[in-house]
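Trainee: Generate coordinates for the sequence data below:
(2 chains)
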2 protein chains.
Amino acid sequence: MILVGQYDSPVTRRVAVALHHYGMPFSRDARSIFADAVAIGRISPLTRVPALILDDGEVLIDSTAILDHLDEQAGDRALCPASGPLRRQILQLTALAQGTMEKAVAVIFERKFHPPAHQSAAWLSRCLGQTRAGLDELARRLVGPFACGASLSHADVMITTLIWYLRDRMDEGLSPVAHAPLISLADRCETLPAFQAAAISEFEKTPR
Amino acid sequence: MILVGQYDSPVTRRVAVALHHYGMPFSRDARSIFADAVAIGRISPLTRVPALILDDGEVLIDSTAILDHLDEQAGDRALCPASGPLRRQILQLTALAQGTMEKAVAVIFERKFHPPAHQSAAWLSRCLGQTRAGLDELARRLVGPFACGASLSHADVMITTLIWYLRDRMDEGLSPVAHAPLISLADRCETLPAFQAAAISEFEKTPR
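Mentor: Below is the predicted model:
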């Protein structure tokens, strides 16, 4: 399998963490959706990552849909049960973390594609407020020791990749005090082998 | 149950269609994420729709996660099997249609929140190109008579709500010629009882 995408994309990295956790071997196409848009568009029609090229050539898109397939292959090792209340809880917390990321991405793209004088204050304020509200709610809902209880799940992975992203890309959203439970969870997850195997390379970090 | 959101949101409407198809009774909170942002934010922390308030008060967010739960309740009537290749096919086509919608939404929000002189030509061009590429790929992948074969699935519902949205909100994306198979599928689906029961009210359409 080939995972397409850079790990500065929290949703790409969460697929990588799951692949490592499941012990599924894969290689990576780490070209950029901006610098190499044409090449990525030939693989993934929406020019989005992650995409996962299966061994028979089939291309899967969308982290949630990709993980749905991988979870089925993973059986008992899956980071989410196939049904029931714990599945609902994990999918909800994961969706909340992913939605929070999407609002942070909206802030970052507003800044990337507009000079300061052309940025919409109303849009930035709305998206920043949504990002903070998402983080507040995530912190409120954590169960412990992992996000949804005793075991690592997709919710922990999405929260951890989100926290890395916010620390690297956007100072305003994450509060060291209010969101301490999220930061602490992420710091602990980052020490696990599957996360270390999907560490972010220097070229994927924001240049300092 | 209470479904929160207006049907001009293709992802809100797709949950409504599934609820009607499954024969699950619900009422609706059709307040606006913009005009009534504070009220919606009290229900759904990211101020996003759809949200589904269950009878015990639990609030579910994110159309994919909501439908995952409803599909489990629906059993054999589910618009997606619980596992296997057809599930993968349906989730992939649905993700492609939803991703296409997200790029169209990005175009519409760029225009809504910026005066023409402040809109980013690079961002609009990128998102419009992604919208068109998504539609091209959707048209190429349709199987017939429904999107993934013999039966109605979540893919048909997402494509149909997407087509309505594009016709109402954004002229540039949808080609009557190149995307005729999508338009034809959507027109046929709109005649089905579950879609008619989730018809868009006048107040949800773009004022003419």
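
Trainee: Would you tell me whether the longest helix along chain A gets close to chain B?
Mentor: Secondary structure of chain A per DSSP state H: the longest helix is helix A:85-113. Yes. Helix A:85-113 comes into contact with chain B (C-beta under 8 Å from any C-beta of the partner chain), by way of A:87-88, A:91-92, A:94-96, A:98-100, A:103, A:109, A:113. For every residue, glycine as well, the C-beta is placed using N, CA and C.

Trainee: what number of residues lie near the residue lying closest to A:Gln98 once chain neighbours are set aside?
Mentor: Nearest in space to A:Gln98, with sequence neighbours left out and distances taken as C-beta to C-beta, 6 or more residues apart in numbering or on different chains, is A:Met158 at 5.7 Å. When neighbours are counted by other C-beta atoms under 10 Å in any protein chain shown, A:Met158 registers 29.

Trainee: How about the contacts made by A:Met158?
Mentor: A:Met158 makes contact with A:10-11, A:14, A:93-94, A:97-98, A:101, according to C-beta atoms under 8 Å, 6 or more residues apart in numbering or on different chains.

Trainee: out of the residues you listed, which is most surrounded?
Mentor: A:Arg14 (30 neighbours).

Trainee: Would you mind measuring from that residue to chain B?
Mentor: Distance, A:Arg14 to chain B, by C-beta to the nearest C-beta, to the nearest Å: 15 Å.

Trainee: In which helix or strand does that residue reside?
Mentor: Using DSSP states H and E, A:Arg14 falls within helix A:10-22.

Trainee: The longest helix of chain A versus helix A:10-22: what angle between them?
Mentor: 140 degrees (axes from the mean of the first three to the mean of the last three C-alpha atoms, to 10 degrees).

Trainee: Just list what helix A:85-113 packs against, helices and strands only.
Mentor: helix A:10-22, helix A:63-74, helix A:121-141, helix A:154-169, strand B:59-61, helix B:63-74, helix B:121-141 (3 or more C-beta pairs under 8 Å, 6 or more residues apart in numbering or on different chains; DSSP states H and E).

Trainee: Between these, which one is closest to B:Glu204.
Mentor: helix B:63-74 (16.6 Å; C-beta to C-beta).

Trainee: can the closest one be found next to chain A?
Mentor: Yes. Using C-beta under 8 Å from any C-beta, helix B:63-74 reaches chain A at B:64-65, B:68-69, B:72.

Trainee: counting contacts, what elements does that helix pack onto?
Mentor: Using 3+ C-beta pairs under 8 Å, 6+ apart: helix B:63-74 touches helix A:85-113, helix B:10-21, helix B:85-113.

Trainee: shaky segments in chain A?
Mentor: A:208 (pLDDT under 70).

Trainee: Got the domain ranges for it?
Mentor: A:2-78, A:85-194 (automatic domain parsing).

Trainee: Kindly reformat the ones you listed as a markdown table containing distance to B:Phe34.
Mentor: Output for the domains of chain A, formatted as a markdown table (distance: least, C-beta to C-beta, whole Å):
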| stretch | distance to B:Phe34 |
| --- | --- |
| domain A:2-78 | 26 |
| domain A:85-194 | 9 |
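
Trainee: of all these, which lies closest to B:Lys205?
Mentor: Closest among those, using C-beta to C-beta: domain A:85-194, at 23.1 Å.

Trainee: first vs last residue of the closest one, how far apart are they?
Mentor: Across domain A:85-194, the terminal residues are separated by 26 Å (C-alpha to C-alpha, to the nearest Å).

Trainee: next one: stretch A:136-155
Mentor: First residue to last in stretch A:136-155 (C-alpha to C-alpha) measures 15 Å.

Trainee: ok now that stretch, how far from the chain's centre?
Mentor: 15 Å (C-alpha atoms, centre = their mean, to the nearest Å).

Trainee: which other residues reach that stretch?
Mentor: In contact with stretch A:136-155 (C-beta under 8 Å, 6+ apart) are residues A:14, A:18, A:21, A:67, A:79-80, A:86, A:89-91, A:93-94, A:96-97, A:100, A:156, A:159, A:178-182, A:185, A:189, A:192, B:45-46.

Trainee: Report the secondary structure element holding A:Leu3.
Mentor: For A:Leu3, the host element (DSSP H and E) is strand A:2-4.

Trainee: Now look at that strand and say if it contacts chain B.
Mentor: No. Contact between strand A:2-4 and chain B is absent, the nearest approach being 14.4 Å (criterion: C-beta under 8 Å from any C-beta).

Trainee: Indicate each strand paired with that strand and its parallel or antiparallel sense.
Mentor: Sheet pairing for strand A:2-4, assigned by DSSP bridges, gives strand A:27-29 (parallel), strand A:51-53 (antiparallel).

Trainee: Tell me how many other residues crowd A:Asp171.
Mentor: Neighbour number of A:Asp171 under other C-beta under 10 Å is 8.

Trainee: which SS class is it?
Mentor: Put simply, A:Asp171 is coil when judged by DSSP: H, G, I helix; E, B strand; the rest coil.

Trainee: And it, how far from chain B?
Mentor: 20 Å.

Trainee: what sits against the residue located most distally from the centre of chain A?
Mentor: In chain A, the residue that sits farthest from the middle, by C-alpha atoms, centre = their mean, is A:Ala117; the gap is 30.4 Å. By C-beta under 8 Å, 6+ apart, the residues touching A:Ala117 are B:His118.

Trainee: Can you classify it as helix, strand or coil?
Mentor: Classified using three-state DSSP, A:Ala117 is helix.

Trainee: Check the contacts of stretch A:136-155 for burial and list the buried ones.
Mentor: A:14, A:18, A:21, A:67, A:79-80, A:89-91, A:93-94, A:96-97, A:100, A:156, A:159, A:179, A:181-182, A:185, A:189, A:192, B:45-46 (16 or more other C-beta atoms under 10 Å in any protein chain shown).

Trainee: which element is the closest residue to A:Gly129 other than its chain neighbours on?
Mentor: Excluding the flanking residues, the one nearest A:Gly129 by C-beta to C-beta, 6+ apart is B:Thr47, at 7.8 Å. Of the helices and strands defined by DSSP H and E, none includes B:Thr47.

Trainee: quick one, phi psi at B:Thr47?
Mentor: Torsion angles at B:Thr47 (phi, psi; degrees, to the nearest 10) stand at phi 50, psi 50.

Trainee: Look at it and say how many residues are nearby.
Mentor: Counted with other C-beta under 10 Å, B:Thr47 comes out at 23.
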